[in-house]
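J.: Pasting the sequence and the predicted coordinates here, then a few questions.
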Amino acid sequence: MPDLSRTLRTAFTRVLNRRTAVRRGQLGVTVIGDRQITIYLPPGYNDRGERRYPVLYMQDGQNLFDDARAFAGRSWRLREAADEAIGLRTASPMIIVGVDHAGNDRVQEYTPTYDEVRKVGGKADEYGVFLFDKVKRAIDDTYLTHPDDTFLGGSSLGALVSMHLALKYPVRGAIVMSPSVWWDDREIVKEVDDYVDSRRPRIWLDIGGREGREALDNARLLRDHLRAKGWNESTLRYYEDRRAEHTERAWGERVRKALEFLFPPE
């Protein structure tokens, strides 16, 4: 009978070597309009010139890849999450485009309606035109994309605008983390109720258990209304992270799960 400790050491060494062997994707930066755009290209992007990739457009680009630029000095470390998922073959390769928010105008362009109480908001559709007509067009013209395989993602207000645009544009899916469902008397829930398109983009929806009772109830409400409109187990993944707060660190710790859901391994 083989020595158990030797067997365990061998297994551990194999796992460790596999992790250290994970190839890294590439990061590049460009400017479109007045925005810095960060582009993640998956490992092996330059190895197979004919391959085309789906593209995930993420909001709040400042917070995704670089701790030095991120809110409170902690990014999602999205590059590392994508590298691991792709390298360990738990997700198919994808291009990720991080679009910086507009600074003081972030609330304006990440909200679908004007909130009479807060006296602000309502420019999400204008932002959608910028995202799809300028950013997406530039990315499709420059990189090996599959133009019809488009995904959106974000957290908080970035999740709200991603959900809103996913209902308006022919995207394949969206990452909706800790969404600001509360905006303008839960306007996004009404948009789901009014949705008449036959398509059901894949939705990753989540919430942290330490984000407050209202946030948790609102996320569950959005989940329930999506299910009532025809989203099912294959098109909607709902996840509650009981110990998570409303932070970049928390979103980064579960973004790999979202990537694996939206981009299942081949």
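T.: Happy to help now that I have it. Numbers count the residues shown, from 1 in each chain.
J.: Where do the helices of the stretch 151-266 of the chain begin and end?
T.: For the stretch 151-266 of the chain, the helices identified by DSSP state H, counting those that start in this stretch occupy 157-168, 183-193, 213-228, 248-262, in order along the chain.
J.: which other helices and strands contact the second one?
T.: So the one you mean is helix 183-193. For helix 183-193, the elements it packs on are helix 157-168, helix 213-228, judged by 3 or more CB pairs under 8 Å, 6 or more residues apart in numbering; DSSP states H and E. (Each C-beta comes from the backbone N, C-alpha and C, glycine too.)
J.: Out of these, which is the most enclosed?
T.: helix 157-168 (a mean of 25; mean count of other CB atoms under 10 Å).
J.: got a markdown table for the helices and strands packed on helix 183-193, with distance to Asp197 and mean pLDDT too?
T.: Compiled in a markdown table, the helices and strands packed on helix 183-193 are given as follows (distance: least, CB to CB, whole Å; pLDDT from 0 to 100):
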| stretch | distance to Asp197 | mean pLDDT |
| --- | --- | --- |
| helix 157-168 | 8 | 98 |
| helix 213-228 | 13 | 98 |
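J.: ok so, going back, which one of the helices of the stretch 151-266 of the chain lies closest to Ile39?
T.: Ile39 lies closest, by CB to CB, to one member of those: helix 248-262, at 16.0 Å.
J.: can you pull the buried residues of that closest one?
T.: Within helix 248-262, the residues that count as buried by 16 or more other CB atoms under 10 Å are 248, 250-262.
J.: re earlier: any chance of the helices and strands packed on helix 183-193 in JSON lines, plus distance to Gln26?
T.: As requested, those are arranged in JSON lines below (distance: least, CB to CB, whole Å):
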{"stretch": "helix 157-168", "distance to Gln26": "24"}
{"stretch": "helix 213-228", "distance to Gln26": "34"}
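J.: between these, which one is nearest to Pro179?
T.: For these, distance to Pro179 was read as CB to CB. The smallest value, 3.8 Å, belongs to helix 157-168.
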